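Trainee: Fold the following for me, if possible:
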Amino acid sequence: MKVALLTYSTRPRGGVVHTLALAEALAAQGIDVHVWTLGRGGDSTFFRPVAETVTVRAVPFADGGDEETVGTRILRSIEVLGAAFASERASYDVVHAQDCISANAAMASGPCLRTIHHLDTFTTPELVACHERAVVGPTERVCVSGSVAEEVRAGWGLTPRVIPNGVDARRFEAGAADVAGRARWADRLGDYVLALGGIEPRKGSLDLLEAFALLRDARPGLRLVFGGGETLFDYRDYRAAFDARAIELGVVPEVVGTIAEEDLPSLVGQAAALAMVSTKEGFGLAALEALAAGVPVVARDLPVLREVFGPTIAYASDHVTIARTLDEVLGSPPSAVAGRDLARRFTWDSAARAHLEFYESLGAAGTA
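Mentor: Modelled structure (predicted):
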């Protein structure tokens, strides 16, 4: 079987992390896997080394400059990836897109499967159309949680297959045991609450900022650290509002940006807590990585997170309860045993086998 997995970026976003881990796990099952992506900013490969058993096809994508709107960039992304992929799609038995951009690109030349990691609400017309086509257009759909699958059923009357994410639990357990790596972060950042995914609306960054301002008096030495944040979308207005509010509150967050792959586990492992207060999530991979590292998690109370994590993490609903719950978790950290056990149960090998069974159940119809 020859499988094409398509994603929209080479940078470390959740869907891209999923794509690479799934590709490597499928290849370990003996599948010929090719990952197609847009090589933005001159990238010719992904943010981390990819197993030699996986073929990477990075399609050059020139920078459109500051004058290019988000809508124009979306349409150009679909066109460029779609044109490159069309020339070789006939060689694949399965075409599986991982986001709305790559799904639209794949569907320009034929049918595809699509993983819906989470549903979002956009205002840019081109993004609205891209999102809708990528839900209704594919022949079959996968969701990484039952909660997102239920949203798809309720909104469109469609029934996706549910296949949970995996997590490289051993890597983050090793991060917790990396004394030298953790010491470097401690020297640089001190005692900190970590948020991953950058500063953007879906991540609830402003709520976390407000919560931290309430927490600061009780824990004056604590810092708020944001890691990651590579995105295709334009969140400059939100970031400006965030920065202005930080000044008003007298909070100075540390924004470390994109973290080198080898440094991420120790950054997570050294955190006093992980705050994942997103307004929407599809699964919560970062929280599972934190649990693997033995780090307590405070998350927004979303049905999908209740489904995946149950009682292994703490929940909050707004900036006041986020502050209160963080203070409780920091003052009396829960046992790490249940969280580590949960993380170990979600493996990429299991995810790959479930995907392979799904592909085989569909036969050739509608997959490529």
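
Trainee: contacts, neighbours, all on C-alpha from now
Mentor: OK.

Trainee: Give the other helices and strands that the helix or strand Ala352 falls within contacts.
Mentor: Following DSSP states H and E, one finds Ala352 within helix 348-362. Helix 348-362 is packed against helix 14-28, with contacts defined by 3 or more C-alpha pairs under 8 Å, 6 or more residues apart in numbering; DSSP states H and E.

Trainee: In the helix it packs on, which residues are buried?
Mentor: Within helix 14-28, the residues scored as buried using 16 or more other C-alpha atoms under 10 Å are 15-28.

Trainee: could you say what helices and strands it packs with?
Mentor: Helix 14-28 packs on strand 2-6, strand 32-40, strand 54-61, helix 348-362, going by 3+ C-alpha pairs under 8 Å, 6+ apart.

Trainee: To Cys130, which of those lies closest?
Mentor: strand 2-6 (15.2 Å; C-alpha to C-alpha).

Trainee: For the helix holding Ala352, which outside residues touch it?
Mentor: The contact list for helix 348-362, computed with C-alpha atoms under 8 Å, 6 or more residues apart in numbering, reads 21-22, 25-26, 29, 94, 163-168, 367.

Trainee: Near Met276, how many other residues are there?
Mentor: Using other C-alpha atoms under 10 Å, Met276 has 26 neighbouring residues.

Trainee: buried residues in stretch 155-163?
Mentor: Neighbour counts using 16+ other C-alpha under 10 Å place 158-163 of stretch 155-163 among the buried residues.

Trainee: repeat for stretch 334-347
Mentor: Result for stretch 334-347 [16+ other C-alpha under 10 Å]: buried residues 334, 336, 338-340, 342-344, 346-347.

Trainee: Strands - which of those residues land there?
Mentor: Among the buried residues of stretch 334-347, no member falls in strands (DSSP state E).

Trainee: and which of those residues is nearest to Val148?
Mentor: Relative to Val148, the closest of those is Phe346; by C-alpha to C-alpha it sits at 17.6 Å.

Trainee: re earlier: which pair of the contacts of helix 348-362 spans the longest distance?
Mentor: Greatest spatial distance in the contacts of helix 348-362: Asp168 and Thr367, 28.1 Å, computed using C-alpha to C-alpha.

Trainee: Please name the nearest non-neighbouring residue to the spatially most central residue of the chain.
Mentor: The centre of the chain sits closest to Gly14, judged by C-alpha atoms, centre = their mean, with a distance of 1.7 Å. Once flanking residues are discounted, Gly14 sits nearest to Leu285: 7.4 Å by C-alpha to C-alpha, 6 or more residues apart in numbering.

Trainee: Show me where the protein has its strands.
Mentor: 2-6, 32-40, 54-61, 94-97, 113-116, 140-143, 161-162, 191-196, 222-227, 254-257, 273-276, 297-300, 314-316.

Trainee: Make JSON lines out of these and add distance to Glu360.
Mentor: What follows is these, written out as JSON lines (distance: least, C-alpha to C-alpha, whole Å):
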{"stretch": "strand 2-6", "distance to Glu360": "12"}
{"stretch": "strand 32-40", "distance to Glu360": "14"}
{"stretch": "strand 54-61", "distance to Glu360": "20"}
{"stretch": "strand 94-97", "distance to Glu360": "10"}
{"stretch": "strand 113-116", "distance to Glu360": "13"}
{"stretch": "strand 140-143", "distance to Glu360": "13"}
{"stretch": "strand 161-162", "distance to Glu360": "13"}
{"stretch": "strand 191-196", "distance to Glu360": "36"}
{"stretch": "strand 222-227", "distance to Glu360": "39"}
{"stretch": "strand 254-257", "distance to Glu360": "40"}
{"stretch": "strand 273-276", "distance to Glu360": "36"}
{"stretch": "strand 297-300", "distance to Glu360": "37"}
{"stretch": "strand 314-316", "distance to Glu360": "39"}
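
Trainee: circling back: between Asp168 and Thr367, tell me which one has more neighbours.
Mentor: More crowded of Asp168 and Thr367, by other C-alpha under 10 Å: Thr367, with 21 against 17.

Trainee: any low-confidence regions in the protein?
Mentor: Within the chain, the ranges that satisfy pLDDT under 70 run 229-234, 364-368.

Trainee: what's the single longest helix in it?
Mentor: helix 70-86 (DSSP state H).

Trainee: what helices or strands is that helix leaning on?
Mentor: So helix 70-86, by 3+ C-alpha pairs under 8 Å, 6+ apart, packs with strand 32-40, strand 54-61, helix 100-107, helix 125-136.

Trainee: Could you save those as a markdown table and add columns showing mean neighbour count?
Mentor: A markdown table is the format used below for the helices and strands packed on helix 70-86 (neighbours: other C-alpha atoms under 10 Å):
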| stretch | mean neighbour count |
| --- | --- |
| strand 32-40 | 23 |
| strand 54-61 | 20 |
| helix 100-107 | 28 |
| helix 125-136 | 18 |
